[in-house]
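Visitor: What follows is a predicted structure for the sequence shown.
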Amino acid sequence: MRFAAAHALCLILGGLTVAAGGDSNSPWHGHGPGAGDECTLVAKGHGIDDAPQLLHAWQKCSTISIPAHTTLNIATRLNMTGGRDKHIDLKGALRFNPDIPYWTANGFPFTFQTQITFWILGGENIVLDGGGLLDGAGQAWYDAFAANASLLRPIIMTLYQATNVLVQDIHMLNSPEWNNFVNEGKNVTFSNINIQTFSTSKNFFANTDGWDIYRSDTVTIKDSIINNGDDCVSFKPNSTNIVVSNLNCNGSHGISVGSLGQFPGVFDIVENVTSTNIQMSNAQNGARIKAWAGPNVGSGIVKNITFENFSELAVDNPVVIDQCYETNATECAAFPSNTYIQDILFKNIAGTGTSTKVASLACSPDGRCSNVQVDNFSLSSPAGAAVYACQNVNLTGNAASLFGACTVT
């Protein structure tokens with residue numbers, strides 16, 4: 001009788017019904033609160049904010065389902081941190097309402113590179129899957145940013161202080177800014193993510209990185225498609241033990257380590273990163289490392305980085321080290337980079353550039369790069385012989401001869 005009574009229980013929580021057996025008249029129905037409960041959310045109606053019911057479900061339910069053909073209108077910010085053993089089964093969509101005044105005033109702020117976000121998701125043992133859509137409704141933001149370059153635009157989803165997280169089989173559309181920000185995460189996997197960004201006006205969808213990893217350890221990004229307008233994946237300060245594999249990146253700024261060493265008094269680390277089996281098309285960069293030099297900058301180390309099996313088509317700069325990033329040659333000579341770069345492998349890099357120069361490994365003066373290996377390069381330019389350039393570095397590997405003697409500055 002206790003079992004039957006428990007299943008007959010119907011609780012009213014914040015105006016939402018959590019009913020055993022899935023009351024089809026309820027906007028939120030499932031198997032009741034407590035361990036193992038399952039809740040299904042449906043939209044409240046045109047123009048009504050669905051964020052409160054999603055936040056309520058996060059607090060009360062271990063499994064949250066958004067059915068196919070259901071679009072939840074997210075008009076207020078989502079703080080979904082501190083969760084444990086949570087599963088978000090997103091078959092429908094979350095659409096972030098493009099209320100620019102609201103979000104610029106209320107988006108969750110992150111001081112790193114002055115970002116804000118719609119949604120912070122964190123805790124332990126979290127799964128987000130289901131084949132559904134996260135819609136950033138970015139067009140209004142692209143148009144507004146074109147008129148106001150100081151406009152803060154939200155990231156779709158930020159994993160913040162999240163451990164043991166799986167995000168898979170998710171589509172992401174038109175983020176106003178970065179698509180994914182992993183901040184202070186550990187053991188995080190993204191798999192089969194489809195990112196699409198486009199503008200229906202003349203205004204560009206700038207800064208729409210696929211992933212930015214920051215102060216995080218053991219992150220995997222794999223088997224995904226990214227059409228965007230900035231870095232496909234960027235390894236920001238204190239990214240360690242990262243694997244990126246089987247990505248198809250189009251229109252991006254590449255797979256980028258950095259930029260690092262920008263801020264005085266800050267020591268940045270990017271270590272043990274492998275990017276492999278990457279298709280890069282119509283992009284500004286392919287495989288890239290960038291670090292600051294000059295006066296009043298920070299310091300750091302980039303160590304044990306592998307770029308392997310890159311297939312590149314119409315990429316402006318297929319292979320790049322820029323250790324004088326945003327620093328002119330005179331300042332870089334006077335103030336060499338304090339971000340040291342060592343134990344770097346570029347291997348099996350093939351395809352076409354858009355200009356004569358297909359590789360530039362430009363290190364800061366004063367021995368700031370070491371143990372840089374280049375193997376099995378097959379890059380061509382659209383006109384004439386491909387040019388491989390290097391400075392302030394001793395290269396090893398079977399492609400070192402393509403670079404010839406490196407310039408010393």
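Guide: All right, it came through fine.
Visitor: Please make it C-alpha for all contacts and neighbour counts, starting now.
Guide: OK.
Visitor: Straight-line length of stretch 172-180, end to end?
Guide: End-to-end distance of stretch 172-180 (Cα to Cα, to the nearest Å): 9 Å.
Visitor: what are the ranges of the helices in the stretch 301-409 of the chain?
Guide: 329-334, 400-403 (DSSP state H, counting those that start in this stretch).
Visitor: Go ahead and report the secondary structure state at Pro52.
Guide: helix (DSSP: H, G, I helix; E, B strand; the rest coil).
Visitor: Then the one 3 residues further on?
Guide: For Leu55, the secondary structure call by three-state DSSP comes out as helix.
Visitor: what packs against the helix or strand that contains Phe181?
Guide: Assigned by DSSP states H and E, Phe181 belongs to strand 180-183. Contacts defined by 3 or more Cα pairs under 8 Å, 6 or more residues apart in numbering; DSSP states H and E place strand 180-183 against strand 157-173, strand 211-214.
Visitor: ok, 10 Å please
Guide: strand 115-117, strand 119-129, strand 157-173, strand 211-214, strand 216-227, strand 233-235 (3 or more Cα pairs under 10 Å, 6 or more residues apart in numbering; DSSP states H and E).
Visitor: Tabulate these in CSV, adding columns for distance to Arg84 and mean neighbour count.
Guide: Output for the helices and strands packed on strand 180-183, formatted as CSV (distance: least, Cα to Cα, whole Å; neighbours: other Cα atoms under 10 Å):
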stretch, distance to Arg84, mean neighbour count
strand 115-117, 21, 23
strand 119-129, 5, 21
strand 157-173, 10, 21
strand 211-214, 22, 23
strand 216-227, 19, 21
strand 233-235, 27, 25
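Visitor: would a markdown table of these with mean pLDDT and distance to Gly107 be doable?
Guide: Below are the helices and strands packed on strand 180-183 laid out as a markdown table (pLDDT from 0 to 100; distance: least, Cα to Cα, whole Å):
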| stretch | mean pLDDT | distance to Gly107 |
| --- | --- | --- |
| strand 115-117 | 98 | 5 |
| strand 119-129 | 98 | 8 |
| strand 157-173 | 98 | 11 |
| strand 211-214 | 98 | 18 |
| strand 216-227 | 98 | 22 |
| strand 233-235 | 98 | 22 |
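Visitor: Nearest approach to Lys44 belongs to which of those strands?
Guide: strand 119-129 (19.8 Å; Cα to Cα).
Visitor: Please tell me how far that closest one is from the chain's geometric centre.
Guide: 15 Å (Cα atoms, centre = their mean, to the nearest Å).
Visitor: and the next element down the chain from that strand?
Guide: strand 133-135.
Visitor: for the next helix-or-strand element following that following strand, packing partners?
Guide: Following strand 133-135 in sequence order, the next helix or strand is helix 139-147 (DSSP H and E). If contacts are counted by 3+ Cα pairs under 10 Å, 6+ apart, helix 139-147 sits against helix 100-106.
Visitor: correct me, but Asp99 touches Ala140?
Guide: Yes: shown here, Asp99 and Ala140 form a contact pair, counting by Cα atoms under 10 Å, at 8.8 Å.
Visitor: got CSV for the helices of the stretch 301-409 of the chain, with mean pLDDT and distance to Thr117 too?
Guide: Formatted as CSV, the helices of the stretch 301-409 of the chain follow (pLDDT from 0 to 100; distance: least, Cα to Cα, whole Å):
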stretch, mean pLDDT, distance to Thr117
helix 329-334, 95, 35
helix 400-403, 98, 43
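Visitor: a markdown table for those helices, including mean neighbour count?
Guide: As requested, those are exported to a markdown table (neighbours: other Cα atoms under 10 Å):
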| stretch | mean neighbour count |
| --- | --- |
| helix 329-334 | 16 |
| helix 400-403 | 16 |
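Visitor: Columns distance to Asp50 on top of those, output as CSV?
Guide: Output for the helices of the stretch 301-409 of the chain, formatted as CSV (distance: least, Cα to Cα, whole Å):
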stretch, distance to Asp50
helix 329-334, 52
helix 400-403, 57
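Visitor: that older thread, who does the helix or strand following the strand holding Phe181 touch, helix- and strand-wise?
Guide: Note on strand 180-183: by DSSP H and E, the next helix or strand toward the C-terminus is strand 186-196. Helices and strands touching strand 186-196, as assessed by 3+ Cα pairs under 10 Å, 6+ apart, comprise strand 119-129, strand 133-135, strand 157-173, strand 216-227, strand 239-250.
Visitor: Can you add distance to Asn192 and give those back as CSV?
Guide: Below are the helices and strands packed on strand 186-196 laid out as CSV (distance: least, Cα to Cα, whole Å):
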stretch, distance to Asn192
strand 119-129, 10
strand 133-135, 13
strand 157-173, 5
strand 216-227, 5
strand 239-250, 9
